[in-house]
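K.L.:
the sequence and its predicted three-dimensional model are supplied below.
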Amino acid sequence: MTGKTCQVPGCTQTSFQTVPSDLASKVFTLDGKTTKVHLCRAHYKEYKKGTKKERELKRMDWV
């Protein structure tokens, strides 16, 4: 993703991954009403650790 920056307040690194805003808002304080959030590598790693349980529960619904 070229040209996009991380949307976590105070971060100016380039975007690495796009994630749903409803899950990202559980980990970060985000401003705005978007459906997707761009995160840098460091914040994406933090997002994965912070939403691990919610993502596991979401995957269990598929069965």
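P.N.:
Ah, there it is.

K.L.:
now find how far off-centre the helix or strand where K58 lies is within its chain.
P.N.:
In this assignment (DSSP states H and E), K58 forms part of helix 52-60. Here the centre of helix 52-60 is set off from its chain's centre by 15 Å, with Cα atoms, centre = their mean, to the nearest Å.

K.L.:
how about that helix as CSV, C-alpha atoms only?
P.N.:
Extracted in CSV, the C-alpha atoms of helix 52-60 (Å, rounded to 0.1, in the frame of the first residue of the first chain):
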residue,chain,number,x,y,z
LYS,A,52,-6.9,-12.5,19.3
LYS,A,53,-9.9,-13.8,21.3
GLU,A,54,-12.5,-11.9,19.2
ARG,A,55,-11.0,-13.2,16.0
GLU,A,56,-11.0,-16.8,17.3
LEU,A,57,-14.7,-16.5,18.3
LYS,A,58,-15.6,-15.1,14.9
ARG,A,59,-13.9,-18.0,13.2
MET,A,60,-15.8,-20.5,15.3
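
K.L.:
residues in contact with it?
P.N.:
By Cβ atoms under 8 Å, 6 or more residues apart in numbering, the residues outside helix 52-60 that reach it are 23, 26. Backbone N, C-alpha and C define where each C-beta goes, glycine included.
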